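Q: Whatever this is, show me its structure:
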Amino acid sequence: MRPTKSWVDFFLYLGRVFVLLIILAVLLPKLVAVCNNLMSSLLHNEKNPHGNPLRVEITLSREINS
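A: Residues are numbered from 1 along each chain as shown. As a prediction, the model looks like this:
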């Protein structure tokens, strides 16, 4: 005999799937942002500043500029 399932069970299953997808769509970007902030704070600490290490920044005094 084939198992018979009612349409109500099918629609409840679809409703649960859609609710889980909506929750995932809302919470996943927030989770990515939190992980991004955590990783950037771990990787870019004060001992190792980030940026181009070959870039040279100089400050010119007013006497040289005028």
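Q: longest helix of the chain?
A: helix 7-43 (DSSP state H).
Q: buried sites along it?
A: By neighbour count on 16 or more other CB atoms under 10 Å, the buried set for helix 7-43 is empty. Every residue, glycine included, has its C-beta placed from N, CA and C.
Q: By mean pLDDT, which helix or strand of the chain comes out lowest?
A: helix 62-65 (a mean of 59; mean pLDDT, DSSP states H and E).
Q: pLDDT averaged over stretch 31-41 - what is it?
A: Throughout stretch 31-41, pLDDT has a mean value of 87.
Q: now swap in stretch 8-15 and tell me
A: Rounded mean pLDDT across stretch 8-15 is 94.
Q: okay, it in CSV with CA atoms only?
A: C-alpha atoms of stretch 8-15 as CSV (Å, rounded to 0.1, in the frame of the first residue of the first chain):
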residue,chain,number,x,y,z
VAL,A,8,-2.1,20.0,5.0
ASP,A,9,1.1,18.1,5.9
PHE,A,10,2.6,19.1,2.6
PHE,A,11,1.8,22.8,3.0
LEU,A,12,3.0,22.8,6.6
TYR,A,13,6.3,21.3,5.4
LEU,A,14,6.6,24.0,2.7
GLY,A,15,5.8,26.7,5.2
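Q: Contacts for it, please.
A: Applying CB atoms under 8 Å, 6 or more residues apart in numbering, stretch 8-15 turns out to have no external contacts.
Q: mind running it again at 10 Å?
A: With contact meaning CB atoms under 10 Å, 6 or more residues apart in numbering, stretch 8-15 is reached by Lys5, Ser6.
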